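S.K.: Here you go, sequence then predicted model.
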Amino acid sequence: MLALLAGAGLTAVTYYIDSVPTPTDLKLPESTTVYFADGRTPMAKLGAENRTVVPFDQMNDSAKQAIVAAEDRTFWTNEGIDFSGVLRAAWSNVTGGQRQGASTITQQYARVAADLKGVSYSRKLREAVIAWKLDDKYSKEEILGFYLNTVPFGRGSYGIEAAAQAYFGKTVRRDAPAAKQLTTAEAMVLCAMVKQPEANPDDPAGQPGYDPQRSPKARQNSIDRWNYIRDGMVKLGYLSADEAANLAYPDTVQPIDPTARQSGLDRPTGLVVNHVLSELRQTEPFKDKPADYVHNGGFKIVTTIDKQVQDAAEAAADLRRDTAPEAVRGQPTNWQAALVAVEPGTGRVLGYHGGNDGSGADYAGWYHDENGEARGFGQHPPGSSFKVYDLATAVQEKISVKQHFDSPETKEFPASGRTKDSPAGPIRNAEHAPCQPDCALWEATVASLNVTYFALTEQLGTAKVIDMATRAGIDSMWANQKGNPQPKRVELRGHPGQEVARHFSTEVGIGQYGITVQDHANGMATFAAGGKRAEAHFVRSVTKGDEHVLDEQLVQTDVGLDQDAIDQLNWTLRRVKAAKLDNGWDSAGKTGTWQAGKSTTQNVHTWMVGYTGALAAAVWLGTVDGKPLKTKDGSYEVYGATGPGPIWRQFMEQATAARELDPDKYRFREPTFREETASTAGATPKPTAAQPTPTVIRPTCEPAPCVTASPTGRPTPTRTPKPSPSWSLEPSRSIEPSLTPPPR
């Protein structure tokens, strides 16, 4: 009696001092789902708990009725407390008897809300007080709705919606098609789980719980509990006797999937999720929020990634798969490829393969992690693939691709410090062409002549070439530093070429300085769109329930190339043999190779970049350890055309076929050439056009619904990550020309 009176006093005091955590106060973690561009195919699940909250009035009646029949048949009439159960539990606990844990639905919610654990006298009293207050303050519907969204159902699912998906692949939403809605019989199976969601880890065979797929004993437990719930449904008037008699236990529970609880972040698209989160952290709705705000916020994030394009990217660029091109399949384990595809005109990243492991290294780009640190290994010297920006600058300056240049095997350039007496020596070609020593610019492009392009870069000026590359899509470039073996990142975006050119030498024109695969793909998309740059991005929309939190905004910026310049650019790059597709599409591209150390026979970075009018892609093939590319047969004959070239072509053909577009709508125009005379000096460049004004464009509606607002551009890394490359915004002013052999 003393114990009970003391308990009553405690109850009275607790009633006034205990706050009642409301659904809003609790802020239950709700998993965020990342989708492919169709908005229906999941890419990854984020969050500590697999939970999808469905408002009570949007649930069908199946689970509402089954849970009452299973857990608290007096729910609709009681005051939130099972007084006899509380007294029975208290007396049993005080006298040393078997611990009692029976509770009403309201008490069970109170236990979760107040995070009350264990079965004790004080806990039962406090649980009862909170339940009493809840019943005073909230309607039965509110309490039941929150309970159904809160309790665990096993298989890592919290709440009835996550359980419906985990066990039956269905939903409790009443607005879903009837065939997709959870049935009464299925809801009864799920509500049986609440009694013991998981097997007892100390005795899994003896106490396996109620998941019918776990073991025969667990299945029998489930059937027995299901029958108990069915009887309750009849007693409560939810089912008639005839309906109950005709109701069959459903044997359609999905098998237990050991990978179901995996978030999907271990797949190659896990790297896409890193970029998505990095992009969101720079936007107003998500800026300065806690690290887990997105993960546990219950958001629906629709990315720009097209599932079929992504499949084609992984099939071609994952060298471990038997779907990779024969030329690169089954090669040494230190080989690594990266591929990024961007949609011209919108900047949507349609496919991204930065590595085989989404939790590992990213060889295609870089991003900010939750601590604001830059991550990624995606910068590589582009070699001759960078010459597309020299060429674009030339045609912008009205230098015709049919203009001739002096193109000997080697040539000194005193103004750039490349003479026979300099450490790096004169510039020399790695390839040969029938036109030598006097070649038209287009011939020098197809043959990738370094002498010609070094002369062109020197004539145009490093600053102008950098300006063109930046406007097209190259946001960052890695510069050499005297005394530092690691290159430093230089932010190009937002800085005039004249300002950043001090970090680089004329070698920029032949691809000495590292850039990312993503930026290179964005540059190709700009040329594919007729010189209209759109920001490469990964997010189409973010919603939460019916609220649009963030929507994509598509903006185009003219890089200053008129139609004649674009036509000449396309015409020239179409003549690169490695860029030719066998599917009837007009295509343009450029290969690139950067050699290892001072070797003239070994390569460490190889590229293939290019585009059609509907799709642009960049492919890098190198090694994870920085060693030269060596085939399984011991050969070092790996070049842009023979390594990444087959990857690029296979991807472009498969991705184009998957998108089912009409190639006749994306034909390149033929240029109109004016008469040119041979010249070894080139035309006098005209002043660079003023920076154009961005133009907002309307987004297309396929394949995802139309949206209208967007995340901002990518940020600048603020400090050096490890083991990522060493990055800085302020490289040394001293410039060291490369001592390595020329690129191919």
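M.R.: Yep, that arrived.
S.K.: Show the backbone phi and psi for the residue most central in space within the chain.
M.R.: Nearest residue to the geometric centre of the chain (C-alpha atoms, centre = their mean): V272, 1.8 Å. For V272, the backbone dihedrals (degrees, to the nearest 10) come out as phi -60, psi -40.
S.K.: show me the contacts for it.
M.R.: 34, 43, 303, 305, 349, 352, 358, 538 (C-beta atoms under 8 Å, 6 or more residues apart in numbering). Placement of C-beta: from N, CA and C, glycine included.
S.K.: Tell me the predicted confidence for the second one.
M.R.: Spelled out, that is M43. pLDDT, M43: 95.
S.K.: and the one helix or strand it maps to, what does it pack onto?
M.R.: For M43, the element it lies in under DSSP states H and E is strand 42-46. Packing partners of strand 42-46 (3 or more C-beta pairs under 8 Å, 6 or more residues apart in numbering; DSSP states H and E): strand 32-35, helix 270-280.
S.K.: and the last one with strand 42-46, angle?
M.R.: For the pair helix 270-280 and strand 42-46, the angle between their directions (axes from the mean of the first three to the mean of the last three C-alpha atoms, to 10 degrees) equals 70 degrees.
S.K.: Poorly predicted segments of the stretch 201-350 of the chain, please.
M.R.: Across the stretch 201-350 of the chain, the ranges flagged by pLDDT under 70 are 258-262.
S.K.: mind listing the helices for it?
M.R.: Assigned by DSSP state H, counting those that start in this stretch, the helices in the stretch 201-350 of the chain fall at 216-235, 241-245, 270-280, 307-317.
S.K.: Would you format those helices as CSV with distance to D257 included?
M.R.: Compiled in CSV, the helices of the stretch 201-350 of the chain are given as follows (distance: least, C-beta to C-beta, whole Å):
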stretch, distance to D257
helix 216-235, 16
helix 241-245, 32
helix 270-280, 18
helix 307-317, 20
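S.K.: So which of those is nearest G494?
M.R.: helix 270-280 (17.4 Å; C-beta to C-beta).
S.K.: quick revisit: just the buried ones out of the contacts of V272, please.
M.R.: 34, 43, 303, 305, 349, 352, 358, 538 (16 or more other C-beta atoms under 10 Å).
S.K.: Name the SS class of A163, please.
M.R.: Under the three-state scheme (DSSP: H, G, I helix; E, B strand; the rest coil), A163 adopts helix.
S.K.: Model confidence at it, what's the number?
M.R.: 94.
S.K.: for the chain, which spans come out with low pLDDT?
M.R.: Residues of the chain that meet the criterion pLDDT under 70 lie in 1-28, 48, 83-102, 113-124, 258-262, 674-744.
S.K.: How about stretch 202-211, which residues are buried there?
M.R.: Across stretch 202-211, burial judged by 16+ other C-beta under 10 Å covers 208-211.
S.K.: Among those, which one lies nearest to A424?
M.R.: D211 (68.7 Å).
S.K.: pretty sure the closest one is in contact with G154, am I right?
M.R.: Yes: using C-beta atoms under 8 Å, D211 makes contact with G154 at a distance of 5.5 Å.
S.K.: hey, what's in contact with both of the two?
M.R.: M193.
S.K.: starting at the chain centroid, how far to stretch 504-520?
M.R.: 25 Å (C-alpha atoms, centre = their mean, to the nearest Å).
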